[in-house]
Every structure is written in structure tokens, then in C-alpha cells.
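**Q** Test case, fold it:
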Amino acid sequence: MTVSRAFKADSLVSPETREAILKAAEDLGYVFDSTASNLRSQKSDFVAVTIPSINNANFADTVGGLSDTLAKRGMQILLGYTNYDIDEEERLIEQLLRRKPQALVVTGGSHTARARRLLQTVAIPIIETWDIPADPIDHFVGFSNMAVMRDMVDHFVASGCRRIAFIGGDVQRDSRGSERRLGFIAAMQAHGLDASRLIAAGPPPISMREGANAMAKLIEIYPDTEAVVCVSDLAAYGALTECRRLGVPVPERFSIGGFGNYEIGEVCVPTLTTINAFAREIGEQTAQLILDILDNAQPVGNVRISTQLIVRDSSRQLQLVP
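**A** As a prediction, this is how the structure comes out:
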């Protein structure tokens, strides 16, 4: 019993005794098996998480913030990869719930009907991230993917651009990308501008190569375009490099903006105008919300993340209105 308590940092075990037990375990190469303890308490020491991409820097930052914050309480994450497929997300949710997590974190607010039923019937915290769902299952930590596009479009319009295009992915697979596309259309229409310059770059996640291909297609179809809003910084970087390959000056000929505040946007030439969604903060706030719920802290609610437009060299400077 004392050994078991020592591995769980039980306050009933003195620091000296716990240190001696942990040293003996280290010398023996012993790894504590928490299965029996979890069965008895009906509690695990992990939080289940589903993400659509494992090579996306934004989602990696979110998982990092989530993991680091939970680790301070001795909790870990169990990760599921959906590849932007809601049917795969449904399968993963069922598998993860069988392992009795303390909470389950999903990316976005679009799920299959069965996935929603599974999430609505479990007695654990469910957190939807990277979105503000129209019908939240439980709690959310995110922002409006539609609203963020308004900031980018407003910036381009204020700098004198009127013929603005959007580069994005398959709207059926990426709900957040689809909402950014809708946000672009709504913002353009609010300014009384044509919102029909929409270039599909392929299935998500959109790569730099696909962004470059989409930019080449845009130049061919809409050569008089003045600015381009891209669904992500990777697509925007691809568009930027395609302009450089063709000898098209940026921002003199095309202003380009992305989303996500990737590191590459700070070091490319010209540097990339983007929207910072504070990916790591989403993970940290999600973890803190879970801990508050588990501790029965009050109040427990939703977290709205405030995004930030970052204007860099890839877009024209604002024009002063006399």
C-alpha cells in the first residue's frame, strides 16, 4: 500500500520514504502498473484528444500546451489522428471512450450524428476546440473561423485592394477551412465587392505545393486580382513562392495573407501577413478548463480565444483616407 501511494505522490507518504521507494524502483527498472488502481477508482490518469493532422504546427502547439499543463497534475494525453475524416473521428471517439479517459478533447464542432451521441452520453468533460460550435456538446475553447476572415479582408480593402481572391481546400472535409471561406465571402459582400474568386487547392491539409499550384491557377484565371486570402500560412507561403518563381512582385502586384502565424511566415521573404489564433493558448486553456471541471471549481464555462491580425511585408500598407 505504501509503495502504491508513493508512486501516486500520496500525501500520507513522507518525502523520505517516497524518495527511497522511487530510488529502489529506478535501480530495479520497475515501472508502476496503474491498471489495477484505475479499475478500483474508475478513474484514469489521461485525457483523450483527437486532432485532424499530426504534421500541422498549429495543432502540434495546441497539443503541446495541453500536455504541458496537464503534466503538472501528473496527467498525460492519449492522441487520436483523424486525417480530417469525421467517420474516422467517430471510430476513434468510440475506441478512446472504452479506455475511460478523464476527459475528451476534439478538434472542431462538426461530427457525425453517432459521434455526437457518444459524446453526449458519457459522464466526462467534452471540450470542442478551434471553433465556436453552433450547438456545443459540452464546452468549447476556440474562436469563430468565419469572423477571423473579416479582419484580413478589412485590412486588404483598407490598403486599397478591391479584387480579392480566396485559396482554400475541400470544403467537405475541413469544416474550419469551409467557415473561413464563408467568412471571406461574407466580408467581401459586406464591402459590396465580388466574392466569386474562389480557388480550390485540394483536400486538406493544404500543402505549400498545393498553395503554389492554386496561385498559378489564380493568376491564369483572374490575372487582375490584387490580393489573395489563403486558408493557412502553408498555402500562403506556397502562393508567395509561386509569385517569386514567376517574377511577380509581392506586395506590389499581389498582396498575400495567410492564417495560423506559422514560424515560416516570420522568416520568409517577404514576411507573411497572417492571423494569430494562439494555438498553444488553446491547449493551455483547454487543459485548465478540464482541471477546473474535475476539481469542481466555479465558474466553469466556455473560453473564447481572441485572434490577432499580424500585418507584415506580404501585404500593402494601409492607405490614408483624407
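
**Q** how far away is Asp194 from Met215?
**A** In this structure, Asp194 and Met215 are 19 Å apart, going by C-beta to C-beta, to the nearest Å. Placement of C-beta: from N, CA and C, glycine included.

**Q** Same drill for these two, tell me which one is more crowded.
**A** Met215 (30 against 13; other C-beta atoms under 10 Å).

**Q** Secondary structure element holding the more buried one?
**A** helix 208-221 (DSSP states H and E).

**Q** counting contacts, what elements does that helix pack onto?
**A** Packing partners of helix 208-221 (3 or more C-beta pairs under 8 Å, 6 or more residues apart in numbering; DSSP states H and E): strand 164-168, strand 198-200, strand 227-230, helix 233-246.

**Q** now the helices for this protein?
**A** 2-7, 15-28, 35-41, 57-71, 86-97, 113-121, 145-158, 175-190, 208-221, 233-246, 264-267, 279-294 (DSSP state H).

**Q** looking at the ones you listed, which has the lowest confidence?
**A** Ranked by mean pLDDT, the helices of the chain bottom out at helix 35-41, with a mean of 49.

**Q** Would you check that Val157 makes contact with His191?
**A** Yes: contact criterion C-beta atoms under 8 Å: Val157 and His191 qualify, at 5.3 Å.

**Q** Looking at those two, which is more packed in?
**A** Neighbours per residue (other C-beta under 10 Å) separate Val157 from His191, with Val157 holding more: 20 against 16.

**Q** Quick one: residues contacting the closest residue to Arg197 other than its chain neighbours.
**A** Excluding the flanking residues, the one nearest Arg197 by C-beta to C-beta, 6 or more residues apart in numbering is Ala165, at 3.6 Å. Listed by C-beta atoms under 8 Å, 6 or more residues apart in numbering, the contact set of Ala165 reads Arg197, Leu198, Ile199, Leu218, Tyr222, Thr225, Ala227, Val228, Val229.

**Q** if we can go back for a sec, looking at the helices of the chain, which one is packed in the most?
**A** Greatest average neighbour count among the helices of the chain goes to helix 233-246 (a mean of 24), per mean count of other C-beta atoms under 10 Å.

**Q** so that one versus helix 175-190, what angle?
**A** Counting by axes from the mean of the first three to the mean of the last three C-alpha atoms, to 10 degrees, helix 233-246 lies at 70 degrees to helix 175-190.

**Q** Spatially nearest residue to Lys217, not counting backbone neighbours?
**A** Ile199 is the one closest to Lys217 (C-beta to C-beta, 6+ apart), at 5.8 Å.

**Q** What is the burial count for that neighbour?
**A** 22.

**Q** Also Val269?
**A** So Val269, with other C-beta under 10 Å, has 11 neighbours.

**Q** quick one: it from Arg244, how far?
**A** Going from Val269 to Arg244 by C-beta to C-beta gives 8 Å.

**Q** partners of Arg304 in the sheet?
**A** Gly142 (DSSP bridges).

**Q** Quick one: residues contacting it.
**A** By C-beta under 8 Å, 6+ apart, the contact list for Arg304 reads Ile132, Gly142, Phe143.

**Q** What's the local residue count around the last one?
**A** Spelled out, that is Phe143. By other C-beta under 10 Å, 22 other residues sit near Phe143.

**Q** swap in the second one?
**A** The number of residues packed near Gly142 is 25, by other C-beta under 10 Å.

**Q** Could you verify my assumption that it touches Pro136?
**A** No: Gly142 lies out of contact with Pro136 (C-beta under 8 Å); the separation is 9.9 Å.

**Q** Mutual contacts of these two, please.
**A** Contacts common to Gly142 and Pro136, judged by C-beta under 8 Å, 6+ apart, are Gly109, Glu128.

**Q** now the residue nearest to Arg197: how far from Leu119?
**A** Going from Ala165 to Leu119 by C-beta to C-beta gives 37 Å.

**Q** swap in Ala48?
**A** When C-beta to C-beta is applied, the distance between Ala48 and Leu119 equals 11 Å.

**Q** what is in contact with the two at once?
**A** Residues touching both Ala48 and Leu119 by C-beta under 8 Å, 6+ apart: Leu104.

**Q** Using the record's assignment, carve the chain into domains.
**A** Domain assignment for the chain by automatic domain parsing gives 33-143+279-303, 145-276.

**Q** how about those in JSON lines, adding distance to Ala6?
**A** Shown next, in JSON lines, are the domains of the chain (distance: least, C-beta to C-beta, whole Å):
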{"stretch": "domain 33-143+279-303", "distance to Ala6": "12"}
{"stretch": "domain 145-276", "distance to Ala6": "42"}
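
**Q** Those domains: which one's closest to Phe7?
**A** Phe7 lies closest to domain 33-143+279-303 among those, at 7.9 Å (C-beta to C-beta).

**Q** what number of residues lie near Pro270?
**A** With other C-beta under 10 Å as criterion, Pro270 counts 16.
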